[in-house]
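Q: Fold the following and give me the result.
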Amino acid sequence: QVQLVESGGGLVQAGGSLRLSCAASGRTFSNSAMGWFRQAPGKEREFVAQISWTSNTYYADSVRGRFTISRDNAKNTVYLQMNSLKPEDTAVYYCAATADTVWSYTYWGQGTQVTVSS
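A: Numbers count the residues shown, from 1 in each chain. The predicted structure is shown next:
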């Protein structure tokens, strides 16, 4: 059974940093893209960042330059380093993974809350 488990969320002041982790189990994701999405109250889920199976990275305009996505295939884990956090970054952050070498996200975590106070 495939599982993605996020951790590292919490409450932080504006300008602060958090590092999210997503540990995958049940299969190897070294040939998969992995991504982070977020959903704020009353809003639709939106793309934040993703990293391909060749470690190419992509970011939403709203987080580029502040967030960094990375992966450790040996640990089957993806990370999201979030710096210079803003109140508008407040959301539930979800980890997701694709099947091998495709860009359609198949597997999703349960989410971790990030709250940025002003």
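
Q: ok, longest strand in this structure?
A: Ranked by residue count and defined by DSSP state E, the top strand of the chain is strand 91-100.

Q: tell me which residues in it are buried?
A: 91-98 (16 or more other Cβ atoms under 10 Å). Every residue, glycine included, has its C-beta placed from N, CA and C.

Q: Minimum pLDDT in the residues you listed, which residue is that?
A: Among the buried residues of strand 91-100, residue 98 carries the lowest pLDDT, at 93.

Q: Quick one: residues contacting that residue.
A: With contact set as Cβ atoms under 8 Å, 6 or more residues apart in numbering, residue 98 has these partners: 32-34, 104-107.

Q: Would you format these as JSON lines with secondary structure and pLDDT included?
A: Formatted as JSON lines, the contacts of residue 98 follow (DSSP: H, G, I helix; E, B strand; the rest coil; pLDDT from 0 to 100):
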{"residue": "32", "secondary structure": "strand", "pLDDT": "94"}
{"residue": "33", "secondary structure": "strand", "pLDDT": "96"}
{"residue": "34", "secondary structure": "strand", "pLDDT": "97"}
{"residue": "104", "secondary structure": "coil", "pLDDT": "91"}
{"residue": "105", "secondary structure": "strand", "pLDDT": "95"}
{"residue": "106", "secondary structure": "strand", "pLDDT": "94"}
{"residue": "107", "secondary structure": "strand", "pLDDT": "96"}
